[in-house]
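Visitor: Coordinates for the following, if possible.
(chains A and B)
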Amino acid sequence: MGGRLVLKLESIVKSFPGVKALDGVHLEVYEGEVHALCGENGAGKSTLMKIIAGAQPYTSGAMYLNGEKVVFHSAREAEKSGIAMIYQEFNMVPELTVAENMYLGRLPVNSFKKVDWEKLFEEAQDNLNHLGLKFSSKTKVKNLSVAEAQMTEIAKCLTIGARIIIMDEPTAALAEEEIKILFGIIEELKKKGIAIIYISHRMDEIFKISDRLTVFRDGRYVASKQINETDYDDVVSMMVGRNVSNLYPVRNYKAQEVVLEAREINSRNVHDMSLKLHKGEILGITGLLGSGTIELSKLLYGAMPMERGEVFVHGIKKDCSAPVKALKAGIGFVSDDRKQEGLVLIRSIRENISMSSLKKLTKGIHLNTRLETERVNQQIQSLNIRISSASQLAGKLSGGNQQKIVFAKVLEADSDILILNEPTRGVDVGAKAEIYAIINQLTQKGKSILMISTDLPELIGVSDRVIVMREGRMVLEISGKDMNQEIILAHASGGVRENE
Amino acid sequence: MNEKAKKQLINQINIYRSVLILLIICLFAAFLSKSFLNISNLFNVFKQVTVAGIIGCGMTFVILTGGIDLSVGSILGLSGVVASGVLASTGNTFLAVATALAIGTVCGTANGFFISHCGIPPFIATLGTMTLLRGCVLIYTKGSPVPVKSEVYKFIGKGSVIGVPVPVIILILLFLAAHYILTQTPFGRSIYAVGGNREAARLSGISVKRTEWTAYIMNGLLSGIAAVVLTARLGSAQSTSGQGIEMDAIAAVILGGTSLSGGTGFVLPTVVGAMIMGIIDNILTLMNVNPHATSIVKGSVVLIAVLVDKKVKDLSAKAE
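Guide: Okay, the predicted model is just below:
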């Protein structure tokens, strides 16, 4: 810190017909600092970012860049002034190389107006090397990992001379190891005097990486603080406007009979995985990106083809080679990507909730829509889903509510065994606590849960037992008080020595 | 409050848009030609719309899954000529109709096989079957029309019951069935789910393949029914019959506001869309406009409708 004030927002108001998304918001960002924006979903973070990045105009207020008042009419204008944004969804052309993507629309040309490939790849490579990135600028983007693609976006921001970079949930799709690399790069950027506006739902990250933070609630400015002047509880209570004392529910699980057993499951990226899940238990599975955790969950549910392996439900061997069959065997599945795999965003909440239980609602060929409405409303109530009507489109809801709809769908299918992939990804703190409470209640009702998560505090806070995977194999199984982040991470990354 | 009222109005327009366009065009038509509003002329319009309307019902299902079916015209052609051939050699109307429906169903099943089972993109698969089946028609007929002589058979296309033409009755019945299937059965829900998000549908335990396949079979069957109606009305089966009908059916679906990417839409607006096309045809004929110019007008109407659709959608997105 101690740098120059580069960006200042004063009393920004953004009105949409009927609502004020932002109401008198302030923000000051200094050169070379990481400034975290905190707030629950719907607090106005994304609107604010879009305004800063020029993607949306503001209704009133003023924005100053290096002391000069600016008004952006497009993202392009903001980019020219040195403000770049890295979106959650990447905006790159998969079939083109890293270098082409970095210089898209500004490819260097020689005197014949032909693309100067040599110069292009060289400059791009220089930029990558500067950030300590080891992949070639000639790699096609489709062959990059999610993390590498993200690093490429950051490198691209530098090539356009960005001085302020906005990062929206940059770690959402990254594993622990990759997050470390990202944080290394952020340190590099800080040294270059670049200001970073950082949005994340993961509190521990915010405290690890940022210098200052600003909290919003319901579109209003709450406070800006130095990171060392505040703590986790303080920020959360500012965000939700009350004290959230216990995020994780108290578990009192006692070993019961086995409900799900997997024997020597094999596929391309999963090798000889065997596990047992007990009635009422929450079994956590974790691993770095590519460790096969999600693939394992999809194999158990029949969403991906298994090469070899057997699945037993209540001691009876079941054919789980397709989701339809797994559902019949009593296994329910919540995907880690609710927008792509969990919900049909352009259909109503009602249709989404009843999607897995149509058979139950059908007599002959007739769908009993009255019974459907009844059941759906019951789920909406019991899961405390906050919506105005069940005929709203699923795509219009916040992340937390969307996730609850996916839960409702799986519960309607009467599954005893629930496979939950990253159940709180992209969900705000308030809704997180609610989802944990729901999971806890489900186990009390006799359901058993397999939870795949890369969010270690969550994994430890919620699970009764944890399995760690690396390169498709189980490398650690711990339970109760033995579970801690260091051990799990060490095993997941392979950094563990023999005698430890 | 004002904002809310505006938003509601936009939503209403969105839902009943095709009906609104139909009314406007009817007004125009009545204004341009006095004979338009004659009962006999209106029934005539209806009768001509039936073929595109019937196929449009099936096409709506296919497009709702995110697919497309270009082969309907050729299926219609083949079902028509073979059914007429069977009729000519046996004189049995029932057998002829059954033949047409069977051929339609088999062709639809073949489309479904290539698309759902083999994974060929619908556009390419049905482009292939379209060409292939048209070839079958030409070989079967050797290029000359197959006349229909049976009066019983012709009744399906020309007769009327208590003053209502039989083809119109058939269209209404099929429309009601299609509407019921789409809105009141689990299969209808699956259609929307598959078109809205295939992967989410699959992971929700919906059989994506079966759903999609069934949509193509239905479309084939409906093309077979349309073939009976058309050949019965014209009194012969031409080797070219049904050519271009796929475009009329697709245009009707689009005019009805069903999204080409799948997942949203209904059957009723498709039938309304078919009627819009039919009325445009009719009014241009009544006004003695050069028949070749008809295509220009129809094409323009489709473009304008889609443009208006886009504008309205942008407006309602802004109102959110």
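Visitor: Name the SS class of A:Ser291, please.
Guide: Here A:Ser291 is recorded as coil under DSSP: H, G, I helix; E, B strand; the rest coil.
Visitor: Isn't it up against A:Arg470?
Guide: Yes. With contact defined as CB atoms under 8 Å, A:Ser291 reaches A:Arg470; the gap is 5.3 Å. Where C-beta positions appear, they are placed from N, C-alpha and C, glycine not excepted.
Visitor: Quickly list what's touching both of these two.
Guide: Contact criterion CB atoms under 8 Å, 6 or more residues apart in numbering or on different chains; residues shared by A:Ser291 and A:Arg470: A:Ala492.
Visitor: Compare these two and say which is more crowded by neighbours.
Guide: In terms of neighbours (other CB atoms under 10 Å in any protein chain shown), A:Ser291 is the more surrounded of A:Ser291 and A:Arg470; the figures are 25 against 19.
Visitor: Spatially nearest residue to that one (excluding sequence neighbours)?
Guide: In space, not counting the residues next to it along the chain, A:Ser291 is nearest to A:Met469; the distance is 4.6 Å by CB to CB, 6 or more residues apart in numbering or on different chains.
Visitor: In contact with that neighbour, which residues?
Guide: A:Met469 makes contact with A:273, A:285-287, A:291-293, A:296, A:475, A:492 under the criterion CB under 8 Å, 6+ apart.
Visitor: What pLDDT does the model give it?
Guide: Per-residue pLDDT puts A:Met469 at 93.
Visitor: Now the contacts of A:Met469 in CSV, please, with extra columns for pLDDT.
Guide: As requested, these are arranged in CSV below (pLDDT from 0 to 100):
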residue, pLDDT
A:Met273, 94
A:Ile285, 96
A:Thr286, 93
A:Gly287, 88
A:Ser291, 87
A:Gly292, 90
A:Thr293, 93
A:Leu296, 95
A:Val475, 92
A:Ala492, 83
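Visitor: Strands of the stretch 151-300 of chain A, start to end?
Guide: In the stretch 151-300 of chain A, the segments counted as strands under DSSP state E, counting those that start in this stretch are A:164-168, A:195-199, A:212-217, A:220-226, A:258-266, A:273-278, A:282-286.
Visitor: tell me what the helix or strand containing B:Ile103 is packed against?
Guide: B:Ile103 belongs to helix B:93-112 when assigned by DSSP states H and E. If contacts are counted by 3 or more CB pairs under 8 Å, 6 or more residues apart in numbering or on different chains; DSSP states H and E, helix B:93-112 sits against helix B:72-90, helix B:122-141, helix B:151-158, helix B:208-234.
Visitor: Contacts only, for the residue nearest to the spatial centre of chain B.
Guide: By CA atoms, centre = their mean, chain B has its centre lying nearest to B:Gly56, at 1.7 Å. With CB under 8 Å, 6+ apart as the criterion, the residues that contact B:Gly56 are B:248-249, B:252-253, B:256, B:270-271, B:273-274.
Visitor: Likewise for B:Thr214?
Guide: Applying CB under 8 Å, 6+ apart, one finds that B:Thr214 lies in contact with B:112, B:187.
Visitor: Equivalent analysis for the one 10 residues further on, please.
Guide: Residues in contact with B:Gly224 (CB under 8 Å, 6+ apart) are B:75-76, B:79, B:100-105.
Visitor: Then B:Ser84?
Guide: Under the criterion of CB under 8 Å, 6+ apart, the contact list for B:Ser84 reads B:96, B:146-148, B:231, B:236-237.
Visitor: Out of the residues you listed, list just those in strands.
Guide: When strands are assigned by DSSP state E, the members of these inside them are B:146-147, B:236-237.
Visitor: Can I get the buried part of those as one PyMOL selection?
Guide: Paste this into PyMOL to select the buried members of the ones in strands among the contacts of B:Ser84, with burial taken from 16 or more other CB atoms under 10 Å in any protein chain shown:
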select buried, chain B and resi 146+236+237
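Visitor: For A:Glu31, which non-adjacent residue is closest in space?
Guide: Closest residue to A:Glu31 apart from its sequence neighbours, by CB to CB, 6+ apart: A:Gly3 at 3.1 Å.
Visitor: Can you tell me the SS state at that neighbour?
Guide: Looking at A:Gly3 with three-state DSSP, the answer is coil.
Visitor: Tell me how many other residues surround it.
Guide: The number of residues near A:Gly3, taken as other CB under 10 Å, comes to 14.
Visitor: by how many degrees do the helix or strand hosting the residue nearest to the centre of chain B and helix B:122-141 diverge?
Guide: Per DSSP H and E: B:Gly56 is located in helix B:39-64. Angle between the axes of helix B:39-64 and helix B:122-141 is 130 degrees (criterion: axes from the mean of the first three to the mean of the last three CA atoms, to 10 degrees).
Visitor: ok, B:Tyr180 - contacts?
Guide: Neighbours of B:Tyr180 in contact, by CB under 8 Å, 6+ apart: none.
Visitor: Read off the pLDDT value for it.
Guide: Predicted confidence (pLDDT) for B:Tyr180: 96.
Visitor: ok, now A:Glu500?
Guide: Among the per-residue scores, A:Glu500 shows a pLDDT of 39.
Visitor: residues near residue 239, how many?
Guide: In the absence of a named chain, this looks at chain A. Taking other CB under 10 Å as the criterion, the count of residues near A:Met239 is 21.
Visitor: meant chain B, my bad for not saying
Guide: By other CB under 10 Å, 21 other residues sit near B:Ser239.
Visitor: Please name the residues that touch it.
Guide: The contact partners of B:Ser239, by CB under 8 Å, 6+ apart, come to B:77, B:81, B:137-138, B:141, B:143-145.
Visitor: Mind checking the pLDDT average for stretch B:275-282?
Guide: Here the mean pLDDT over stretch B:275-282 is 89, rounded to a whole number.
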